[in-house]
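**Student:** With the sequence up front, the predicted model follows.
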Amino acid sequence: MTDESIYVEVKAYWSPTRASAERITQMQLEFSLNHYPPKGGDSIAEIAWSTGSVEQAMAELPSFVPEQVREICRSLLQPWPEGRYTEAYGRCGGILNLYTPPWGEPEDEAWAAMLAGWQQARFADEQSRQEALQALEQRWNHTPHPFWAGLTPAQVLVGGGRREAELAEEFLARLKETYDGHGFSSDGDALQQTLLLLRGWQVQPRGDGLTPQEIILAERDELLARRTRALQQAGRADP
């Protein structure tokens, strides 16, 4: 693999808040780690999935990538946990979630409701109780969640790919054109107007009849399928 396997591009974007500006960096690194070299081969993320070695995947980063960026990449490439994908709380969630609050487990009413049902249920023994909890965690992992604009926690963890990167660039350019230099009464007003623009954009059908949201969901499902195949080919189980 060559330095073509990952790309780094510096651009100026308009962001309503500092937090959303920081999320852009993580989002773009997720895109880069899922980027496939032009001449074929595995993405950096796929190397980490198939080998189980973060450092082997990190060795594919170009030499010019600064240490601060390497540390973020190293964090993004960590093996997925067994059980519930709680790491999703700390991910950006791609362009669809660039401007949403940093949700955490204390605010997760969906998981709280699922857990309450499990706690109130009757089980034959402790083994049955724990097996039911494990199944519940997997259901949460793969259920569309309101925290992430309908993405599942698994879709959040896998990150976006080439098509989402193109869509994100399109929306960020539109955002800059619309609001750069525009005055707002407060950061909250700026954030609200940005979200309104994003939510309208993501459901507008394109030339192929698909909306940006549908394209993003389908691509993340494709990446999840590639991850499963990479793990299976390496003889490793998908948590």
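**Tutor:** Alright, I've got the coordinates.

**Student:** burial count for Q134?
**Tutor:** A total of 12 residues lie near Q134 under the criterion other C-beta atoms under 10 Å. Bear in mind the C-beta positions are built from the backbone N, C-alpha and C, glycine included.

**Student:** so it touches G83, yeah?
**Tutor:** Yes - Q134 lies in contact with G83 (C-beta atoms under 8 Å); the separation is 6.8 Å.

**Student:** Can you pull the residues that touch both of the two?
**Tutor:** Counting by C-beta atoms under 8 Å, 6 or more residues apart in numbering, Q134 and G83 have no shared contacts at all.

**Student:** Which positions within stretch 131-148 qualify as buried?
**Tutor:** For stretch 131-148, the buried set under the neighbour-count rule, 16 or more other C-beta atoms under 10 Å, comprises 133, 136-137, 140-141, 145, 147-148.

**Student:** Please apply the same query to stretch 37-56.
**Tutor:** For stretch 37-56, by 16+ other C-beta under 10 Å, it's 37, 42-50, 54.

**Student:** ok, now stretch 224-233?
**Tutor:** 224, 226-227, 230-231.

**Student:** follow-up on the earlier one: reformat the buried residues of stretch 37-56 into TSV and put secondary structure next to each item.
**Tutor:** Below are the buried residues of stretch 37-56 laid out as TSV (DSSP: H, G, I helix; E, B strand; the rest coil):
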residue	secondary structure
P37	coil
D42	coil
S43	coil
I44	helix
A45	helix
E46	helix
I47	helix
A48	helix
W49	helix
S50	helix
V54	helix
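
**Student:** ok, back up a step: please identify which of the buried residues of stretch 131-148 is nearest to C73.
**Tutor:** Nearest to C73 among these is W148, at 21.4 Å by C-beta to C-beta.

**Student:** quick one, what contacts the closest one?
**Tutor:** Here W148 is in contact with 88, 93, 96-97, 100, 155-156 (criterion: C-beta under 8 Å, 6+ apart).

**Student:** For the buried residues of stretch 131-148, give me JSON lines that also has distance to A218, pLDDT and secondary structure.
**Tutor:** Compiled in JSON lines, the buried residues of stretch 131-148 are given as follows (distance: C-beta to C-beta, whole Å; pLDDT from 0 to 100; DSSP: H, G, I helix; E, B strand; the rest coil):
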{"residue": "L133", "distance to A218": "31", "pLDDT": "97", "secondary structure": "helix"}
{"residue": "L136", "distance to A218": "27", "pLDDT": "97", "secondary structure": "helix"}
{"residue": "E137", "distance to A218": "25", "pLDDT": "97", "secondary structure": "helix"}
{"residue": "W140", "distance to A218": "22", "pLDDT": "98", "secondary structure": "helix"}
{"residue": "N141", "distance to A218": "18", "pLDDT": "98", "secondary structure": "helix"}
{"residue": "H145", "distance to A218": "18", "pLDDT": "95", "secondary structure": "coil"}
{"residue": "F147", "distance to A218": "20", "pLDDT": "89", "secondary structure": "helix"}
{"residue": "W148", "distance to A218": "16", "pLDDT": "94", "secondary structure": "helix"}
